[in-house]
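Engineer: coords please:
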Amino acid sequence: MITIDSSKCVRCGDCRSICHASAISNGSESIEIDYKLCSTCCQCIACCPTGALSWNGIKSRKIIRELLPEDESLTELLKARHSIRSFKDKPVETEKLEKICAAAKLAPTNNYDIELIVVRDVEKMAKLEEINLSYIKRMDGLIYKNPLVFNILKLFKTAANDTDREKIKRVLERGNIFQKAPVLIILTADPKIHYTEQSCQYAMYNMMLTAQTMGLGSCISGAGKMILARSKKAEELLEMPKGKKIQGILFMGYPAVSFTKTVEGNLPKVKWI
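Structural biologist: You can find the predicted model right below:
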């Protein structure tokens with residue numbers, strides 16, 4: 001919740017003018033917030049010249065503009081980012097993981113109640129993989145190895161195709177989907193909060209770029225998220241906070257492969273109106 005220190009508020013109107021939800025109005029002593037309308041975007045906090053506004057008592061901090069990257073250095077960072085699926089047998093330092101996790105709080109988001117679970121325990125990671133593989137085996141038996149069901153689903157479902165059937169076969173042969181990464185970071189949040197999944201996507205990208213600056217590689221696990229988010233066994237194994245659901249999974253570690261080039265996609269078509 002956004003809080004107001006009325007002793008610091010000079011009623012300049014900056015917060016009121018920037019509020020896209022029209023949740024802020026002038027009161028008798030300071031501004032007032034209609035919390036039914038507030039989306040907690042926190043832009044009002046970021047523009048307040050006197051520091052009268054904060055979120056849950058957390059004060060804003062001044063941006064050090066001298067440290068901001070130029071457009072060319074930022075572009076090179078984005079060019080250098082690749083999804084990493086091959087890792088060295090080397091543990092990731094706790095200090096680095098703490099900084100990576102802290103990057104999640106800087107994401108533009110409507111959900112400031114995201115919780116992270118960092119999994120480094122080898123046995124627990126193996127059990128999570130067992131849950132993944134068990135689910136994939138069931139789907140393989142029900143769909144891909146059943147010609148009648150498979151051919152019918154091919155008419156209606158894009159995921160039912162010969163390429164994906166071969167991919168499923170190879171995943172089962174490999175025996176993992178987290179690519180033997182030494183670390184999993186699982187993002188959990190209350191799904192009842194608006195835009196929760198989008199908030200976690202923002203947070204994950206912040207974390208991936210932060211990991212990259214530290215020499216680490218990462219990859220989003222869409223399949224792992226889909227499977228584990230439906231598993232009560234996974235929730236128990238992870239000791240999930242009450243009311244929270246898995247919203248995203250990153251696996252990461254030190255890359256065992258070095259990329260020296262970038263492959264740029266097609267320039268998106270732009271229509272000027």
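Engineer: Correct me if wrong, but residue 141 is in a helix.
Structural biologist: Yes. With DSSP: H, G, I helix; E, B strand; the rest coil as the criterion, residue 141 is assigned to a helix.
Engineer: What about it, how many residues nearby?
Structural biologist: Neighbours of residue 141 under the rule other CB atoms under 10 Å: 10. Using the backbone N, CA and C atoms, a C-beta is placed for each residue, glycine as well.
Engineer: Isn't residue 161 up against residue 154?
Structural biologist: Yes. The criterion here is CB atoms under 8 Å, and residue 161 meets it with residue 154 at 6.3 Å.
Engineer: if I pick residue 116, what's in contact with it?
Structural biologist: When contacts are counted by CB atoms under 8 Å, 6 or more residues apart in numbering, residue 116 touches 101, 104, 185-188.
Engineer: 6 Å - rerun?
Structural biologist: 101, 185, 187 (CB atoms under 6 Å, 6 or more residues apart in numbering).
Engineer: and what of residue 267?
Structural biologist: Going by CB under 6 Å, 6+ apart, residue 267 touches no other residue.
Engineer: so is it in a helix, a strand, or just coil?
Structural biologist: When the rule is three-state DSSP, residue 267 gets the label coil.
Engineer: how near is residue 116 to residue 34?
Structural biologist: Distance, residue 116 to residue 34, by CB to CB, to the nearest Å: 31 Å.
Engineer: try residue 207
Structural biologist: For residue 207 relative to residue 34 (CB to CB), the value is 33 Å.
Engineer: So which of those two has more stuff around it?
Structural biologist: residue 207 (26 against 12).
Engineer: From what I see, residue 183 and residue 91 are in contact.
Structural biologist: No. Using CB atoms under 6 Å, residue 183 makes no contact with residue 91, being 8.3 Å away.
Engineer: more crowded one of these two?
Structural biologist: A count of neighbours by other CB under 10 Å puts residue 183 above the other of residue 183 and residue 91, at 22 against 12.
Engineer: give the contact list for that one.
Structural biologist: For residue 183, the residues meeting the contact criterion (CB under 6 Å, 6+ apart) are 92, 120, 252-253.
Engineer: Got the phi and psi for it?
Structural biologist: Residue 183 adopts backbone torsions of phi -140, psi 140, taken as degrees, to the nearest 10.
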